[in-house]
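Novice: Predicted model and sequence below, questions to follow.
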Amino acid sequence: MSDHPKLVSIHAAMNLIASNRPVLAEERVALEACLGRTLAEDVIAKVTVPPLDTSAMDGYAVRFKDARSIGAKLQVIGEVAAGSPNTLTTGEGEAVRVFTGTPMPIGADHVLIQEHAAVDGELVTVASPQKEPRHIRKAGGDFLKGDTVLNRGTRLTAAHIGLAAAANHGSLSVHCRPRVAVLTTGSELRPPGSALSDGQIAESNSYTLSRMLEALGSDVVRLGAAPDTEPSIEAKILEASETNIILTVGGASVGKHDLVRTVFSKLGGKFVFQRIAVRPGKPTWFGTLGEQKVLGLPGNPTAAYVMASLLLKGLVSGATALAFTDAFLVAPLPANGPRETFVRGRLELKNGHARAYSLKDQDTSRVQALTSTNCLIHRPENDKEKSEGDLIQIVILDQ
């Protein structure tokens, strides 16, 4: 392995990761357990919604030509509730009491809303002028039976699940959750809560990254921290043999004690890429170990967090592009160097405008500063100096 392998761009890295992500089995899951899962097949509507023309408001179903003028009087001939079959027909000068979701009576083409009606027993008087036929939801206005309402590959949100329910699906075919092993390396690392001696630190990266992976719908296996020896790292990797993905943290550079790449190669691993032309996170690498996928992140907390924020979605769900958002810069930024950079920042809304500023401390070893970070400010290579008020691009981070 060369000490100076070719660097790939962040966009190339995302595409390479997405195109090499694990192939996951499929399973059918009850709708209430589908949140965060990825669809394995299109969802086809089993019903038409609405199934009939229905009232969009509470009021009276009428013929528009009978109700367009103030003072017009209509005879109420009955009432239809939502969910009830409609057997009524509205004739000349007649009205039917309806409610939101009620099937429209035959002959009615308008709903006189109750705010526009003066009621006296079974007689309704139009109290406001009616400009055009309104307040009817047409059959199939949302979707038709046989329509594709969700596409394969969609990562399911609450709204998606509600749509599947409306399309009369009680379960969905989804991909199994990826099993991801998280391995941190470093002889100085100890579990949080340990009595620490000189030179030892509490391991924190696996806790941050595990929660990020779980939020993406993964089942996480935390392997703990391995000392900086080849046998211990090899043993941990072999322990993860039943997982789809191994996420290593630390040991990613080319120093004397950076051994993860060496062990990966000895076990038969094949590199897809070995460096990323981005700051922070240049030592990030990705490869395959048989059917498993291995993503190696730097050990510095900020670099690991930034790279995970940019790359994990591609590894888990196949995202191939960054979701950039425009924001106005709050404070000036110096010119950027020859490497694409993601600056930790803070996004806030003021007077309806998205405004972002760079956090002062960009040291990649800092942990506390991550709690203030809710966006990454994108600086292209050789980007010119930016002034207050300039429009910039940011990546909003999940909190």
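Specialist: Yep, it's here.

Novice: In the sheet, which residues pair with Arg222? Tell me.
Specialist: Val182 (DSSP bridges).

Novice: Next one, pLDDT for it please.
Specialist: You'll see Arg222 listed with a pLDDT of 93.

Novice: any weak-confidence spans in the stretch 1-150 of the chain?
Specialist: Counting by pLDDT under 70, the ranges of the stretch 1-150 of the chain that qualify are 1-5.

Novice: in it, which spans are helices?
Specialist: 10-19, 64-67 (DSSP state H, counting those that start in this stretch).

Novice: I'd like those helices as TSV, with distance to Pro332 and mean neighbour count appended.
Specialist: C-betas here are computed from N, CA, C, even on glycine. Output for the helices of the stretch 1-150 of the chain, formatted as TSV (distance: least, C-beta to C-beta, whole Å; neighbours: other C-beta atoms under 10 Å):
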stretch	distance to Pro332	mean neighbour count
helix 10-19	24	18
helix 64-67	62	19
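
Novice: now those in JSON lines, with distance to Thr102?
Specialist: Putting those into JSON lines (distance: least, C-beta to C-beta, whole Å) gives the following:
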{"stretch": "helix 10-19", "distance to Thr102": "48"}
{"stretch": "helix 64-67", "distance to Thr102": "17"}
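
Novice: Can you tell me which of those is nearest to Lys270?
Specialist: Comparison of the helices of the stretch 1-150 of the chain against Lys270 by C-beta to C-beta identifies helix 10-19 as nearest, at 12.3 Å.

Novice: Tell me which other helices or strands that closest one touches.
Specialist: Applying 3 or more C-beta pairs under 8 Å, 6 or more residues apart in numbering; DSSP states H and E, one finds that helix 10-19 contacts strand 270-273, strand 285-289, helix 301-317.

Novice: ranking these by burial, who's on top?
Specialist: Highest mean neighbour count of these: helix 301-317, a mean of 24 (counted as mean count of other C-beta atoms under 10 Å).

Novice: Take the helices and strands packed on helix 10-19 and lay them out in TSV including distance to Asn168 and mean pLDDT.
Specialist: Listed next are the helices and strands packed on helix 10-19 as TSV, based on distance: least, C-beta to C-beta, whole Å; pLDDT from 0 to 100:
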stretch	distance to Asn168	mean pLDDT
strand 270-273	42	96
strand 285-289	41	96
helix 301-317	26	92
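
Novice: With distance to Met14 as new columns, can these be given to me in a markdown table?
Specialist: Converted to a markdown table, the helices and strands packed on helix 10-19 look like this (distance: least, C-beta to C-beta, whole Å):
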| stretch | distance to Met14 |
| --- | --- |
| strand 270-273 | 11 |
| strand 285-289 | 10 |
| helix 301-317 | 5 |
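
Novice: Nearest to Gly153 among these would be which one?
Specialist: Of all the helices and strands packed on helix 10-19, helix 301-317 comes closest under C-beta to C-beta, at 8.0 Å.

Novice: quick revisit: between the helices of the stretch 1-150 of the chain, which one is closest to Asp390.
Specialist: Per C-beta to C-beta, nearest to Asp390 of the helices of the stretch 1-150 of the chain: helix 10-19, 21.8 Å.

Novice: what about that closest one, distance to the chain center?
Specialist: 18 Å (C-alpha atoms, centre = their mean, to the nearest Å).

Novice: contacts for it?
Specialist: Contacts with helix 10-19, where a contact means C-beta atoms under 8 Å, 6 or more residues apart in numbering, come from 8, 272-273, 276-278, 284, 286, 293, 295, 310-311, 314-315, 318-322, 340.

Novice: Also stretch 362-370?
Specialist: Stretch 362-370 has contacts (C-beta under 8 Å, 6+ apart) with 204, 208, 280, 298, 300-303, 305, 343-344, 359, 361.

Novice: now for these, which pair is the farthest apart?
Specialist: Ser204 and Val343 (21.8 Å).

Novice: other SSEs contacting the longest strand anywhere in the chain?
Specialist: Secondary structure of the chain per DSSP state E: the longest strand is strand 340-350. When contacts are defined as 3+ C-beta pairs under 8 Å, 6+ apart, strand 340-350 packs onto strand 278-279, helix 301-317, strand 353-358, strand 375-379, strand 391-396.

Novice: between those, which gets nearest to His135?
Specialist: For His135, the closest of the helices and strands packed on strand 340-350 is strand 353-358, at 36.8 Å, according to C-beta to C-beta.
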